[in-house]
Structure formats: C-alpha cells, structure tokens
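Visitor: here is a sequence with its predicted model. Questions after.
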Amino acid sequence: MKHPNIVTFISSFQERGLLYIVMEYCDGGDLMKKIQMQRGKLFTEDKILFWFVQICLGLKHIHDRKILHRDIKAQNIFLAQGDLKVKLGDFGIAKRLNNTLELARSCVGTPYYLSPEICDNKPYNNKTDMWSLGCVLYELCTLRHPFEACGLRQLVVCICRGRYAPPPGHYSPRLRQLIGQLFKVPPRDRPSINTLLKLPLLQSCIKQHLNTQVLEEEFSHTVLHSDRENRRPPPGPQCRAPEKERPPREEIKDPHKVGLYNHGNIPAQQHPVSQQQQHQHQHHLHGDQQQHLLTPEPYQLVAAAREEYLRRRDDANRYKLRAEKQLGSRGLMVIGRWF
C-alpha cells in the first residue's frame, strides 16, 4: 500500500531463522511518545485536527480496500518530517475482508482501545477501527485514555457502557461532538471513515495533505473491488446497442384462431397453418395454463402452512391430554394400593 499517510514497506529478508521487515523511517517517533512529552500541556485544536485528518486519510485508504487495521493506537501512529507528517503503521494483526459486509471474529487489539463489540465477543467490521480512532482523538485532547480501570474486567465494563469524562471545555463543540459520535456503543451508530471525512470540520484540512492527483484517486471511490469489476464498463446508455424500430403489434384476441405466425399488421389468412401446428400450439397453451394452475400463490402457501401448524398443535394438545389422563389414572391406582 502506497499512501502519504501510511508507513511504506521497503523490503524483507530472512537471516538465521528470523524474518526482518524494513519499513520507512519516521524521525518523529510515535504519537504516544509525543503525548507523553507534553507533560500535561494540552495540544491546540488546530494541531489536533492537523494530525487527526492525516490519520483519517490513512485509515480511509485501507478501509476502501476492505482491510481492518484492528490495532489503531497512539503507539502505532508515527510522525515524520518533524511532526508535520502523520503515518499509520504496524499492520501486524490487520485482516482483509472478502467483502464489505463480512464480519471478523477474532479478539485482538490493545485493551484500552478495544471496541464494545470485541469486549462482548461479537462479530465486528470496520466500525471497530472507528472506535479506536475515537480513543486516539480523545487522547490528543486530554493526554490520557478515555477508559481506565484497575483491572481488565472493570475496563471491559467501562468500555461496554461507553461512559467517559468529557474533554476540556475550551475545545470547540464540533470537536467534542465528533468524539461522542465515535464513542457510540452500537457499531451502526458510528460514522464510517468516508462519512467522517465529509464533515466540514475536517474537509477544510484535507487539501493540505494530499496533492491533486492523490486526492482524485482517493475520493473518486468509496470501496475498491476486484480488478475484473474495475475493468467492467459502467452501465449506462452508452453501453447499449441501438434498438431498431419495430412496427406496432396488433393485439391478439384469440390465439387459437390467429395462430403462431400473426406478427405485425399482416392478416392471419396470409400465413397458412396446418392442423398439426394448431394442435401443438393448443397443447403448448394448455400446458402453460396447467403449469400456472399447479403453481400455488403466496397466500395459498401461507394458508397451507397455517393449517399444518394448527393441525400439529391440535395433535400435540390431544397427546398432552391423553398423557395427563394416563398419569392421573396411574396416580389413583397407586393411592388405592397404598390405602
């Protein structure tokens, strides 16, 4: 994957039974180290948005290719060119989905950044990356984790409830509202990365980080599919062959009298039809009518299913009454023998 906001893979090699991966060097370290260096001094909102938009652009690149990162955290976001360029890295546990509706099931990630669906051991999709993205944004605003607890069990409870301390009030309402949208507990309520980048708060910053060519490539689609589908011409009027004009057909009132060859405005008597052809045509029509009669309508299927259900329920009730009578008679026999 080649993108300005993703750490570039250079090469890999094996030596003494170990696999070495050579990646792009980021001279600014990771984002967690940058947060720790602040020593309680909060970032400005402009600085936060400057970094956050670049993280979103890198995440959009992989989500458009149906790839889940599954371990988005401040330690996996790197700074280059001082702190002007932000790059998403460490795809060690990333997963590629077969389609946009597929759900992953394995429980992976760093505990502080786990989404509620992973904590509940439920299937998840790219919305789990959006939850982790919200954790990173919260850390940039507060310099601490949004969900903290003494143990893992308490941490899971806090995450599943989605309760966190509000960010500082000097940040704009739109930024604080953005954090709330990313921390929606139901995954369907969280915005996708493409929806997020359409917000006015972020759109004004996008052109600062991508040149015109990359910008057109990244925003000319939402999801990339297979090469076969990319080569397929888009459906439209230009793909259809021109249709020839045909004379209007005369309505057939009696198919048995007109026959099979009465097309257009040509009279029926100009097309001699043998008795054998008429017999085959009549047999074909009767066969279609019989097939149509044999095919049940939907309401007939529903009615038949209901009748079957009622019949089985009555049989079950009769069996129950018969069993209760037998048990009752046996109970009376036991009581009589006892006395």
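Guide: That came through fine. Residues are numbered from 1 along each chain as shown.

Visitor: any low-confidence regions in the stretch 1-150 of the chain?
Guide: 91-109 (pLDDT under 70).

Visitor: can you map out the helices along it?
Guide: In the stretch 1-150 of the chain, the helices defined using DSSP state H, counting those that start in this stretch lie at 31-36, 45-63, 116-119, 127-142.

Visitor: which one of the ones you listed lies nearest to S11?
Guide: Smallest distance to S11 across the helices of the stretch 1-150 of the chain (Cβ to Cβ): 20.6 Å, for helix 45-63. Placement of C-beta: from N, CA and C, glycine included.

Visitor: which helices and strands sit right next to that closest one?
Guide: Where contact means 3 or more Cβ pairs under 8 Å, 6 or more residues apart in numbering; DSSP states H and E, helix 45-63 is packed against strand 85-88, helix 127-142, helix 173-182, helix 193-196, helix 200-206, helix 212-219.

Visitor: R313: which of these is closest?
Guide: helix 127-142 (42.8 Å).

Visitor: next, the angle helix 45-63 makes with that closest one.
Guide: Put simply, helix 127-142 runs at 160 degrees to helix 45-63, going by axes from the mean of the first three to the mean of the last three Cα atoms, to 10 degrees.

Visitor: who are the packing partners of helix 127-142?
Guide: Going by 3+ Cβ pairs under 8 Å, 6+ apart, helix 127-142 lies up against helix 31-36, helix 45-63, helix 116-119, helix 173-182, helix 193-196.

Visitor: now the element after it, going C-ward?
Guide: helix 152-161 (DSSP states H and E).

Visitor: keeping just the C-alphas, turn that next one into CSV.
Guide: Listed next in CSV are the C-alpha coordinates belonging to helix 152-161 (Å, rounded to 0.1, in the frame of the first residue of the first chain):
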residue,chain,number,x,y,z
LEU,A,152,-9.3,-5.8,32.8
ARG,A,153,-12.8,-6.8,33.9
GLN,A,154,-13.6,-3.3,35.1
LEU,A,155,-12.1,-1.8,31.9
VAL,A,156,-14.4,-4.0,29.8
VAL,A,157,-17.4,-2.8,31.8
CYS,A,158,-16.4,0.8,31.3
ILE,A,159,-16.0,0.3,27.5
CYS,A,160,-19.3,-1.5,27.1
ARG,A,161,-21.1,1.2,28.9
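
Visitor: which residues does it contact?
Guide: Helix 152-161 has contacts (Cβ atoms under 8 Å, 6 or more residues apart in numbering) with 111-112, 114-116, 119-120, 147-149, 164, 185.

Visitor: same question for it, mean pLDDT?
Guide: Across helix 152-161, the average pLDDT comes to 91.

Visitor: would you mark the buried spots in that helix?
Guide: 155-156, 159-160 (16 or more other Cβ atoms under 10 Å).

Visitor: in TSV: these, plus distance to L199.
Guide: Formatted as TSV, the buried residues of helix 152-161 follow (distance: Cβ to Cβ, whole Å):
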residue	distance to L199
L155	29
V156	30
I159	24
C160	27
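
Visitor: closest one of those to L84?
Guide: Using Cβ to Cβ, the buried residues of helix 152-161 come closest to L84 at I159, 33.0 Å.

Visitor: distance of the closest one relative to A149?
Guide: Using Cβ to Cβ, to the nearest Å, I159 is found at 9 Å from A149.

Visitor: of the contacts of helix 152-161, buried ones?
Guide: In the contacts of helix 152-161, the ones that pass as buried (16+ other Cβ under 10 Å) are 112, 114-116, 119, 147, 164, 185.

Visitor: possible to save the residues you listed as CSV with distance to F13?
Guide: Output for the buried ones among the contacts of helix 152-161, formatted as CSV (distance: Cβ to Cβ, whole Å):
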residue, distance to F13
Y112, 34
L114, 34
S115, 36
P116, 41
C119, 38
F147, 40
Y164, 44
V185, 44
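
Visitor: closest to D189 among the buried residues of helix 152-161?
Guide: Closest to D189, out of all of the buried residues of helix 152-161 and judged by Cβ to Cβ, is C160, at 14.5 Å.

Visitor: what about that closest one, distance to K184?
Guide: Relative to K184, and taking Cβ to Cβ, C160 is found at 13 Å.

Visitor: if we can go back for a sec, and of the helices of the stretch 1-150 of the chain, who's closest to P191?
Guide: With Cβ to Cβ, the closest approach to P191 among these belongs to helix 127-142: 6.8 Å.

Visitor: output that closest one as CSV, restricted to C-alpha atoms.
Guide: Extracted C-alpha coordinates of helix 127-142, given in CSV (Å, rounded to 0.1, in the frame of the first residue of the first chain):
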residue,chain,number,x,y,z
LYS,A,127,-16.6,0.3,12.8
THR,A,128,-14.3,-1.2,15.4
ASP,A,129,-11.4,0.8,13.9
MET,A,130,-13.6,3.9,14.2
TRP,A,131,-14.0,3.3,18.0
SER,A,132,-10.2,3.0,18.3
LEU,A,133,-9.8,6.2,16.2
GLY,A,134,-12.1,7.9,18.7
CYS,A,135,-9.8,6.8,21.5
VAL,A,136,-6.8,8.3,19.8
LEU,A,137,-8.7,11.6,19.2
TYR,A,138,-9.7,11.7,22.9
GLU,A,139,-6.0,11.1,23.9
LEU,A,140,-4.9,14.1,21.7
CYS,A,141,-7.5,16.3,23.5
THR,A,142,-6.9,15.1,27.1
